[in-house]
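Visitor: after the sequence you'll find the predicted model.
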Amino acid sequence: MRKDPPFALLGIDSDNGSEFINDLLYRYCLNGKITFTRSRPYQKNDQAHVEQKNWSVVRRTIGYDRLETEEEHQLLERIYQDLRVYINFFQPVLKLIGKERIGNKVIRKYDTARTPFQRVMERKDVPLERKAHLLNLYLGLNPAELRRRLDKQVAKLWRLPS
């Protein structure tokens, strides 16, 4: 997973559960000089932005069912691989750039919607070879075919016996 993002991994922000926090992950972060933080106990809004993306990307595509079999796991891995590419290269996102309170009303200002790929390509701190790799990947993608493949895989997932 660490080779895919265009940026170095600087930190991991985790929920509090033992399924997220364990000695192996903690030592991995120490050895890799990765900042490891966790949300505060009983503060469910600490992970609000992550949870928002979880709903708008994962839950919207897969739903809330519990998937446990090896066949489901393998299909989910293929779905997530295609979904990651589809979202990052072809789904523009608005970014909040400011808020201003006027009386009881909050006025939010957003930048122009751009894909995560476009945002990475605009950054000066991303090495040119990484940008070239991403551009090559982008030029080889067909968003309509990617979407059809995703839809077909999700439909197959729901036809699997539980």
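Guide: Structure's in. What do you need? Residues are numbered from 1 along each chain as shown.

Visitor: mind checking the longest helix of the chain?
Guide: Secondary structure of the chain per DSSP state H: the longest helix is helix 70-90.

Visitor: pLDDT on the next helix or strand after it, on average?
Guide: Later in the chain than helix 70-90, the nearest helix or strand by DSSP states H and E is strand 96-102. Computed over strand 96-102, the mean pLDDT rounds to 92.

Visitor: renumber starting at 676 from here on
Guide: Yes, from this point I'll number from 676; that puts the last item at strand 771-777.

Visitor: now do the buried residues in strand 771-777.
Guide: Under the neighbour-count criterion of 16 or more other Cβ atoms under 10 Å, strand 771-777 has nothing buried. Every C-beta, even on glycine, is put in place using the N, C-alpha and C of the backbone.

Visitor: helices or strands up against that strand?
Guide: Packing partners of strand 771-777 (3 or more Cβ pairs under 8 Å, 6 or more residues apart in numbering; DSSP states H and E): strand 780-785.

Visitor: now do the buried residues in the helix or strand just after the strand it packs on.
Guide: Downstream of strand 780-785, the first helix or strand assigned by DSSP H and E is helix 791-797. Going by neighbour count (16+ other Cβ under 10 Å), the buried part of helix 791-797 is 791, 792, 794, 795.

Visitor: in TSV, list the residues you listed along with distance to residue 830 and pLDDT.
Guide: Below are these laid out as TSV (distance: Cβ to Cβ, whole Å; pLDDT from 0 to 100):
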residue	distance to residue 830	pLDDT
791	26	93
792	27	96
794	31	95
795	31	94
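
Visitor: just flag the most distant two among the residues you listed.
Guide: The span of those, defined through Cβ to Cβ, is set by 792 and 794 at 7.3 Å.
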